[in-house]
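K.L.:
got a sequence here, can you build the structure:
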Amino acid sequence: MNDGYEEVLRKIASSDPTPGGGSVSALSLAHAQALTIMVARLTIGKKKWSEGQDMAELIISKWDKKIPNTIQLSIKDALAFDSVMDAYRLPKGDENENKIRDQSIREATIGAARTPLTIASEACDLLTDIAAFSHLCNSNAMTDIASAAELCSSAVLIAHMNVRINLDFIEGADVDEISQKIEDIVQESESLMEGTRAIVSERLGW
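P.N.:
All right, here's what the predicted structure looks like:
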């Protein structure tokens with residue numbers, strides 16, 4: 001923990017609209033990634049958890065390198081929102097200006113929906129690995145793997161809201177495609193979360 005961490009929180013807490021919920025969903029995912037990797041490292045090399053070695057190694061090799069990309073998704077979400085605001089500031093006047101403005105708003109809004117869609121997809125992917133790993137990981141770190149799962153679930157739900165708010169006032173085949181994808185991700189995430197909670201409760205005896 002350091003001043004850099006607090007600075008990020010201060011930026012979120014400011015009156016500026018960015019970074020906002022979409023960025024926070026990516027940061028939630030980054031924390032989930034880090035926690036999952038920690039549990040994997042606590043599992044590797046422990047004879048008692050020999051069945052979880054391969055999965056632990058896979059998690060580290062797959063997700064450790066993705067943390068910087070997830071941080072970039074947080075930044076990208078804020079920039080996407082700024083692009084929408086820039087599009088709304090374009091001049092209104094003659095027919096050509098209005099057409100350019102409307103098209104710019106639509107393109108920027110679609111872009112602002114795609115970033116949280118990616119965040120949700122990545123979170124659901126990690127949740128899939130957590131669900132598999134929770135059977136096999138070091139049981140002394142069960143609450144950590146459970147925390148990672150809950151963070152993934154939150155990341156999906158926050159990203160879902162940010163996708164929907166961007167798509168609420170536009171139409172088209174691309175909008176329908178993104179809408180269907182995010183709903184599928186939410187449904188899969190809920191199923192994975194239910195299973196993971198059951199595994200955690202069983203292994204902890206709760």
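
K.L.:
any low-confidence regions in the protein?
P.N.:
1 (pLDDT under 70).

K.L.:
all the helices of it, in order from the start?
P.N.:
All helices of the chain, identified by DSSP state H, fall at 3-13, 21-43, 53-63, 67-88, 95-133, 142-167, 173-204.

K.L.:
turn these into CSV, columns for mean neighbour count.
P.N.:
The way it works is simple: take the backbone N, C-alpha and C, and place the C-beta from them, glycine included. Formatted as CSV, these follow (neighbours: other Cβ atoms under 10 Å):
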stretch, mean neighbour count
helix 3-13, 10
helix 21-43, 23
helix 53-63, 17
helix 67-88, 18
helix 95-133, 20
helix 142-167, 22
helix 173-204, 16
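
K.L.:
residue at max distance from the center of this structure?
P.N.:
Ranked by distance from the centre of the chain (Cα atoms, centre = their mean), the top residue is residue 94, with 40.8 Å.

K.L.:
centre-most residue in this structure?
P.N.:
Most central in the chain (Cα atoms, centre = their mean) works out to residue 119, at 3.5 Å.

K.L.:
give me the distance between it and residue 44.
P.N.:
With distances taken as Cβ to Cβ, to the nearest Å, residue 119 is found 28 Å from residue 44.

K.L.:
same question for residue 18.
P.N.:
38 Å.

K.L.:
same question for residue 62.
P.N.:
With Cβ to Cβ as the criterion, residue 62 and residue 44 are 14 Å apart.

K.L.:
which ones are touching the nearest residue to residue 33 once chain neighbours are set aside?
P.N.:
Spatial nearest neighbour of residue 33, excluding adjacent residues (Cβ to Cβ, 6 or more residues apart in numbering): residue 63 at 4.9 Å. Shown in contact with residue 63 (Cβ atoms under 8 Å, 6 or more residues apart in numbering): 33, 36-37, 126, 129.

K.L.:
picking up where we left off before, the residue nearest to the centre of the chain contacts residue 161, correct?
P.N.:
No - with contact defined as Cβ atoms under 8 Å, residue 119 does not count as touching residue 161 (11.5 Å).

K.L.:
how about the residue lying closest to residue 35 once chain neighbours are set aside, what does it touch?
P.N.:
Once flanking residues are discounted, residue 35 sits nearest to residue 148: 3.9 Å by Cβ to Cβ, 6+ apart. Residues in contact with residue 148, defined by Cβ under 8 Å, 6+ apart, are 31-33, 35-36, 39, 126, 130.
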